[in-house]
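Visitor: sharing a model that was predicted from the sequence below.
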Amino acid sequence: MSGPVCQKGIPPVRNEKAQSTPMQQSHTPLAPSTHQHLQPRSRSHIHSMSVPRTSSMSIPRTLFCSRPRTLVPVSAPYERHRKATMSKKNRRNRNATPADRPAKKKRVVIPFVERPFEGLPHEPELVAMREILPLATLSVRTTEEYGAQEAILTTILPGMSGALRRKDGVLLIALQTITSSGDPSLDIADHLINGLDLNPGQALQISDLPEPGPRLQDVLDLESFGEMELHDEPSFWMSEDELTDPENQQALQAAREQLIPTKKVDGVEGAYWCRMSREFVRYVRPESRDAVLDGLARLRAAEECSFDESRFVGAFRAQGLLIPVWELPRGAEADELSKPMAAFSEKLAEAIASTEPLSYEEKRARAGITSRQVTLR
């Protein structure tokens, strides 16, 4: 037979149908290298052939095979991948023991703190600045260990920065940032410590979580806290000279139009009026969350959990405290709430301080309040 010769002098299998009979093919088995290019047919094809079934004769593999497959050239990306994975360097890295490989730096997990601002003055105000207030400031000072430097805690800064030193040298520290660990007190203290080294006009961008370290309770002088102040526009971001710039004035006006109007209720610490689609009051209580739930349940069971035609709608869980929310009559203003909320605040404080076990009706009311809680962050 003319033509190219494969392994052991066996002619290669051609695409056209074989001319020899199955019995003739049994005397010329294919080489092992040729078997790799053949595709088996279905098993029904085996039984359709009239092959003598004797113990002395074995069925050749060519009976189970169709025409050879067409060889497809290896793609260039696969070839590059094969060479890269089969290089000496990669084989050496795969065969290396764990002791030989460079150790990865393990990230320390910050433990979760249920009530991170506990022990600080104005804890309800700090929780409100962290969670529900759009623009507010609170002046503080660091301890002697950290230079006894003045700083201003703010709700938010431009670009979601962690800290900003204005051109006049005033240091601003944000309570609301993009990243957050399990302990906001540690996060803010880390921003404050790093912000002390900023030059005028520089901002501290947060790209990663902090390592374990001092918290606000360790960094701030607890006797230096001022009074929290709400703002209608972020003018505290700029120095007096920057406020005179017409472009900055336009930016402040645009920011003012996008903010949710928010005001403090005079005479009631921790109560904040806001206007969205309707008017609401959000009341940050300083007591433990369970105690506030018990107090609200007692008033709700007695149908006294409202004031001045308001309607109790639920509560927020935020930084270990509870923030009950009331919906107000349409068009209600903040200055109209001082007297009715002051009276209700005293009633709520008594219900919270009560140590009597809850009755059946009060337990049902508590379960209803619990089901309507929303966790912030």
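Guide: Cool, the structure landed.
Visitor: quick check: which ranges of this structure have low pLDDT?
Guide: 1-107, 377 (pLDDT under 70).
Visitor: output the longest helix belonging to the chain.
Guide: In the chain, assigned by DSSP state H, the helix with the most residues is helix 338-353.
Visitor: who's in contact with it?
Guide: Helix 338-353 has contacts (Cβ atoms under 8 Å, 6 or more residues apart in numbering) with 265-268, 271, 281, 283, 285, 287, 291-292, 294-296, 298-299, 304, 306-308. C-beta coordinates here come from the backbone N, C-alpha and C atoms, glycine included.
Visitor: tell me where the stretch 51-200 of the chain has strands.
Guide: Assigned by DSSP state E, counting those that start in this stretch, the stretch 51-200 of the chain shows strands spanning 136-141, 150-154, 163-165, 171-174.
Visitor: which residues of this protein fall in helices?
Guide: 22-25, 32-35, 44-47, 76-85, 88-95, 123-131, 184-195, 216-219, 240-243, 246-258, 289-301, 338-353, 360-371.
Visitor: and the longest one, which residues are buried?
Guide: Taking 16 or more other Cβ atoms under 10 Å as the neighbour-count basis, helix 338-353 is seen to contain the buried residues 340-341, 344-345, 347-348, 351-352.
Visitor: quick check: closest non-adjacent residue to Gln176.
Guide: Of all residues not flanking Gln176 in the chain, Ile156 sits nearest, at 4.7 Å (Cβ to Cβ, 6 or more residues apart in numbering).
Visitor: my read: that neighbour touches Leu135, true?
Guide: Yes. If you go by Cβ atoms under 8 Å, Ile156 and Leu135 touch, sitting 7.3 Å apart.
Visitor: who touches both of those two?
Guide: With Cβ under 8 Å, 6+ apart, Ile156 and Leu135 have common neighbours Pro234.
Visitor: between those two, tell me which one has more neighbours.
Guide: Regarding Ile156 and Leu135, a neighbour count based on other Cβ atoms under 10 Å identifies Leu135 as having more, with 22 against 19.
Visitor: quick check: the nearest residue to the more buried one once chain neighbours are set aside vs Ala251, distance?
Guide: Spatial nearest neighbour of Leu135, chain neighbours left out: His231 (4.1 Å); criterion: Cβ to Cβ, 6+ apart. His231 is 14 Å from Ala251, where distance means Cβ to Cβ, to the nearest Å.
Visitor: then Glu361?
Guide: Distance from Glu361 to Ala251, by Cβ to Cβ: 54 Å.
Visitor: between those two, which one's more packed in?
Guide: Ala251 (16 against 13).
Visitor: circling back: can I get the strands of the stretch 51-200 of the chain in TSV including distance to Asp190 and mean neighbour count?
Guide: Below are those laid out as TSV (distance: least, Cβ to Cβ, whole Å; neighbours: other Cβ atoms under 10 Å):
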stretch	distance to Asp190	mean neighbour count
strand 136-141	15	20
strand 150-154	13	20
strand 163-165	10	23
strand 171-174	10	24
